[in-house]
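> give me a model of this one.
(one chain, ligands or ions: 4)
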Amino acid sequence: MVDFGAQYAQLIARRVREANVYSEIVPHTATVEQMLAKDPAAIILSGGPSSVYATGAPFVGPELFEAGVPVLGICYGFQAMAQALGGTVAQTGQREYGGTAVEITEPGTVLDGSPEQQTVWMSHGDAVHAAPEGFEVLATSAGSPVAAFEDRERRLYGVQWHPEVKHSPLGQKALENFLYRGAGITPDWNPGNVVAEQVERIRAQVGDARVICGLSGGVDSSVAAALVQRAVGDQLTCVFVDHGLLREGEAEQVEKDFVDATGVQLKVVDARERFVTALAGHTDPETKRKIIGREFIRVFEDAAREVVEDAGAHGETVKFLVQGTLYPDVVESGGGEGAANIKSHHNVGGLPDDLQFELVEPLRTLFKDEVRAVGLELGVPEGIVWRQPFPGPGLGIRIVGEVTAERLTTLRAADAIAREELTRAGLDREIWQCPVVLLADVRSVGVQGDGRTYGHPVVLRPVSSEDAMTADWTRLPYDVLATISTRITNEVPEVNRVVLDVTSKPPGTIEWE
Ligand SMILES: Nc1ncnc2c1ncn2[C@@H]1O[C@H](COP(=O)(O)OP(=O)(O)OP(=O)(O)O)[C@@H](O)[C@H]1O
Ligand SMILES: O=c1[nH]c(=O)c2[nH+]cn([C@@H]3O[C@H](COP(=O)(O)O)[C@@H](O)[C@H]3O)c2[nH]1
Ligand SMILES: NC(=O)CC[C@H](N)C(=O)O
Ligand SMILES: [Mg+2]
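Ligands and ions are numbered 1, 2, ... in the order given. Next comes the predicted model:
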């Protein structure tokens, strides 16, 4: 898989794994010679943020397509293939983001089994206008005159959309068609045992040193902690940071659910003052994220010193910090090969430059649903494995504007109501998560109790997703929405309006900041 700076690079690699075919990712800066030296059975070219016609855009030479290796181009990779072989790529003026209707005029190899009309997930502004010579056009959409093509003889294939995302319903089938039929690969690779492999790796990395783990009670850190506990037992101390940006009841829940189930040593740090003070006066989302990332580390440093003292091991230092970092955190922070920085996740792009810890991140190449499977394998309680994600920066990135103690109280109250009603309606497993966002700098006029109010809106952002890389807004029942709206406006005095976010990802992200 050649990575052109895609948001979805690991996702493609992972879909190939799911098809029982081994895959490796190489950056687009690798030469064709280097790529071919790996003796690939097939090559996939990923999407990416550039435009093929821009100066300095990542480029593949035509020699890649002359080597006799089957190639599938996806989005940018499709456009790069078209351009390299003499087709034309330009802006249509009609951008396509999210669910897009395509018409399959000829299924060919890759689209075999696809209905004539289908909805696929797109994310592009450029389009292939003319396929290179020798290629048959397989599909079109409103914004993509050539939405898929193939040259069966040369075994070159391409699609404008993203078959790797779950929101393209026949995407996995298209990838498998390419791998099995287009490239003739036998699906005989097995993912093996992630748990055993990671336990070995962790032992090799930390030896007999003391380790701390940032534990939020969420899925990722709980699974990471369980892996490390299995690897090095009580060399591990978990640290839960109450940064004041948590939802109601969160701190208590970590102790109840995780510590009771695993017997892990836990240190709870009350850092509420510290975070609110550090965030005072800041409104830029990236600045807020970086401040939160830095403060987390400072708290972990203090906690590490205390862990050493508590153990009476004077003079020792804790060198290792375990984090439940997943691949989406890495790529959205711009950590993929040439990938754009969408937002700095506190545990990756938000880390301070003077970080002293060596990081232990056993889940760094995995996606949430894979992590859930690892968690179940490790015997992590189901209540944790199926918990909805909650971002480390917490309510701090759900207040659009400055974070203050009062605003946090307002948002926490609105959030608790939304969560309670969604749980009551039995919708917890159906939705991925439902951020409640306070638009702290927006006010609108209301009439309550015959009086005028000038309050703030909150946004409900219910989304469905498999892995957080793409998402769709969840069609919640109107009566549930009505109950949430009525309760929030009645019970939270600062809020006089509730609005619903009906944006997919892309173009929106799940969180507002
Ligand atoms: N309040 C917290 N205290 C300590 N560590 C935290 C806290 N919040 C986040 N972290 C650290 O940051 C990492 C990333 O946070 P993130 O929210 O992505 O994962 P999670 O909370 O473990 O799982 P989930 O995505 O299900 O919420 C966590 O795995 C954990 O190591
Ligand atoms: O630990 C985290 N630290 C962060 O800085 C962070 N930002 C977003 N998220 C969570 O990641 C998923 C994708 O969110 P976005 O669509 O907003 O990027 C969603 O599940 C978000 O809740 C974070 N988690
Ligand atoms: N997702 C992609 O690969 C996008 C390709 C290119 N940047 C476009 O907008 O068309
Ligand atoms: Mg979390």
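> confidence score at the closest residue to Leu245 other than its chain neighbours?
Distances taken as CB to CB, 6 or more residues apart in numbering put Gly394 closest to Leu245, at 3.3 Å, once the chain neighbours are dropped. Every residue, glycine included, has its C-beta placed from N, CA and C. Gly394 is assigned 97 on the pLDDT scale.
> let's have the chain start at 5 instead
Noted, 5 is the first residue going forward, which turns the last one into Gly398.
> looking at the stretch 5-154 of the chain, which residue is nearest ligand 1?
Nearest residue of the stretch 5-154 of the chain to ligand 1: Gln14, at 15.5 Å (CB to the nearest ligand atom).
> quick one: contacts for the residue nearest to that residue when sequence neighbours are not counted?
Nearest residue to Gln14 in three dimensions, chain neighbours excluded: Tyr331, at 4.6 Å (CB to CB, 6+ apart). Counting by CB atoms under 8 Å, 6 or more residues apart in numbering, Tyr331 touches Gln14, Arg368, Thr369, Leu370, Phe371.
> could you work out the most separated pair of those?
Arg368 and Phe371 (10.9 Å; CB to CB).
> and the stretch 255-404 of the chain, which residues reach ligand 4?
Residues of the stretch 255-404 of the chain lying close to ligand 4 (CB under 5 Å from the ion) are Phe394.
> smallest gap between the stretch 255-404 of the chain and ligand 4, at which residue?
Phe394 (4.3 Å; CB to the ion).
> tell me, how many residues neighbour that residue?
19 (other CB atoms under 10 Å).
> could you look up the SS state of it?
Look at Phe394: counting by DSSP: H, G, I helix; E, B strand; the rest coil, its state is coil.
> strands of the stretch 155-304 of the chain, start to end?
Along the stretch 155-304 of the chain, counting by DSSP state E, counting those that start in this stretch, strands occupy 160-163, 215-218, 240-246, 269-274.
> and those as CSV, adding mean pLDDT?
Listed next are the strands of the stretch 155-304 of the chain as CSV, based on pLDDT from 0 to 100:
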stretch, mean pLDDT
strand 160-163, 98
strand 215-218, 98
strand 240-246, 97
strand 269-274, 95
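> pretty sure the residue nearest to Leu249 is touching Leu250, no?
Yes: using CB atoms under 8 Å, Gly398 is in contact with Leu250, at 5.5 Å.
> what's the pLDDT at the residue sitting nearest the centre point of the chain?
Central residue of the chain (CA atoms, centre = their mean): Pro332, 3.2 Å from the mean position. Pro332 carries a pLDDT value of 85.
> not counting its neighbours along the chain, what's nearest it?
Closest residue to Pro332 apart from its sequence neighbours, by CB to CB, 6+ apart: Ala472 at 5.1 Å.
> so who does that neighbour touch?
So Ala472 contacts Pro332, Phe371, Lys372, Pro393, Trp436, Ile514 (CB under 8 Å, 6+ apart).
> pLDDT weak spots in the stretch 55-204 of the chain?
Along the stretch 55-204 of the chain, the parts satisfying pLDDT under 70 run over 194-197.
> redo that, cut-off 80
Across the stretch 55-204 of the chain, the ranges flagged by pLDDT under 80 are 96, 193-198.
> same question for the stretch 255-404 of the chain.
255, 339-342.
> who touches the residue in the stretch 155-304 of the chain that ligand 4 sits nearest to in this structure?
Closest to ligand 4 within the stretch 155-304 of the chain is Gly222: 3.3 Å, counting by CB to the ion. With contact set as CB under 8 Å, 6+ apart, Gly222 has these partners: Gly328, Ile388, Arg391, Pro393, Phe394.
> closest one to Val440 among the strands of the stretch 155-304 of the chain?
strand 240-246 (19.7 Å).
> Provide the secondary structure category for Val502.
Using three-state DSSP, the structure places Val502 in strand.
> tell me how many other residues crowd it.
22.
> cool, Pro191 as well?
Applying other CB under 10 Å, we find 13 residues neighbouring Pro191.
> without its sequence neighbours, what residue ends up closest to it?
Asn24 (3.8 Å).
> quick check: pLDDT value at that neighbour.
pLDDT for Asn24: 87.
> number of residues surrounding it?
16.
> next one: Pro136
The local packing of Pro136 (other CB under 10 Å) involves 21 other residues.
> does it touch Val93 like I think?
No: using CB under 8 Å, Pro136 is not in contact with Val93, being 10.6 Å away.
> return every residue with contacts to both of those two.
By CB under 8 Å, 6+ apart, Pro136 and Val93 have these common neighbours: Ala86.
> and Thr96, which of the three is it?
Following three-state DSSP, the label given to Thr96 is strand.
> what residues are up against Gly218?
The contact partners of Gly218, by CB under 8 Å, 6+ apart, come to Ser225, Cys242, Val243, Val245, Phe300, Phe304, Leu325, Val326, Gln327, Gly328, Asn351.
> overlap between these and the residues near ligand 1?
Ser225, Val243, Val245, Gln327, Gly328, Asn351 (CB under 6 Å from any ligand atom).
> residues touching Tyr101, list them.
Here Tyr101 is in contact with Met126, Ser127, His128, Ser508, Pro510, Pro511 (CB under 8 Å, 6+ apart).
> what strand or helix carries Leu142?
Using DSSP states H and E, Leu142 maps to strand 140-145.
> most neighbours among the contacts of Gly222, which one?
For the contacts of Gly222, the largest number of neighbours (other CB under 10 Å) sits with Gly328, at 25 neighbours.
> okay, stretch 375-389 in CSV with CA atoms only?
What follows is stretch 375-389, C-alpha atoms only, in CSV (Å, rounded to 0.1, in the frame of the first residue of the first chain):
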residue,chain,number,x,y,z
VAL,A,375,-9.2,-3.0,20.2
ARG,A,376,-12.6,-4.1,21.4
ALA,A,377,-11.8,-7.6,20.1
VAL,A,378,-8.5,-7.6,21.9
GLY,A,379,-10.2,-6.4,25.1
LEU,A,380,-12.7,-9.3,24.9
GLU,A,381,-9.9,-11.7,24.4
LEU,A,382,-8.1,-10.3,27.5
GLY,A,383,-11.3,-10.6,29.6
VAL,A,384,-11.8,-6.9,30.0
PRO,A,385,-15.4,-6.5,31.4
GLU,A,386,-18.0,-6.0,28.6
GLY,A,387,-19.2,-2.8,30.2
ILE,A,388,-15.9,-1.2,29.4
VAL,A,389,-15.3,-2.9,26.1
